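1. 3D, please:
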Amino acid sequence: MPEHKAIVAAEIGLHARAAAVFVRAVTATGLPVTIRKPGHQAVDARSLLEVMTEDFGHGCEVVLSVSTEALQADRTLDEVNDALTGLSAVLEAVEGR
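-> As a prediction, this is how the structure comes out:
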């Protein structure tokens, strides 16, 4: 399963606008991305409610991942890794844009 780690840079964490920006970016990939804190249960990163409920605060390390089934749906490993890298960049942006 492709995974990528990131640090949440938004001062208020993934709440309100920063969470909405991230969820829109996830949705734009067309991939079933999940997000979790290390050692915790993953949630659907396409769901604004699930992302906001999990309390991903400022400075929190998160793990983004995509199930291996997505690779079988005409997506290459390189495409998935590129998408996860891009989503990590969204999380690590100082502003929630």
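2. how close does the residue lying closest to residue 20 once chain neighbours are set aside get to residue 28?
-> Distances taken as Cβ to Cβ, 6 or more residues apart in numbering place residue 48 nearest to residue 20, at 6.2 Å, with adjacent residues excluded. All C-beta atoms are positioned from the backbone trio N, CA, C, and that covers glycine. Here residue 48 is placed at a distance of 14 Å from residue 28 (Cβ to Cβ, to the nearest Å).
3. the two: which is more packed in?
-> residue 48 (18 against 11; other Cβ atoms under 10 Å).
4. tell me how far that one lies from residue 38.
-> Going from residue 48 to residue 38 by Cβ to Cβ gives 22 Å.
5. break down the chain into its helices, ranges please.
-> 16-29, 48-53, 68-71, 77-92 (DSSP state H).
6. closest one to residue 42 among the ones you listed?
-> helix 48-53 (9.6 Å; Cβ to Cβ).
7. partners of residue 66 in the sheet?
-> Beta-bridge pairing for residue 66 (DSSP bridges): residue 33.
8. for it, give me the pLDDT.
-> At residue 66, the model reports a pLDDT of 93.
9. same question, residue 36
-> We have a pLDDT of 97 for residue 36.
10. verify the stated contact: it with residue 62.
-> Yes. Judged on Cβ atoms under 8 Å, residue 36 makes contact with residue 62 at a distance of 6.7 Å.
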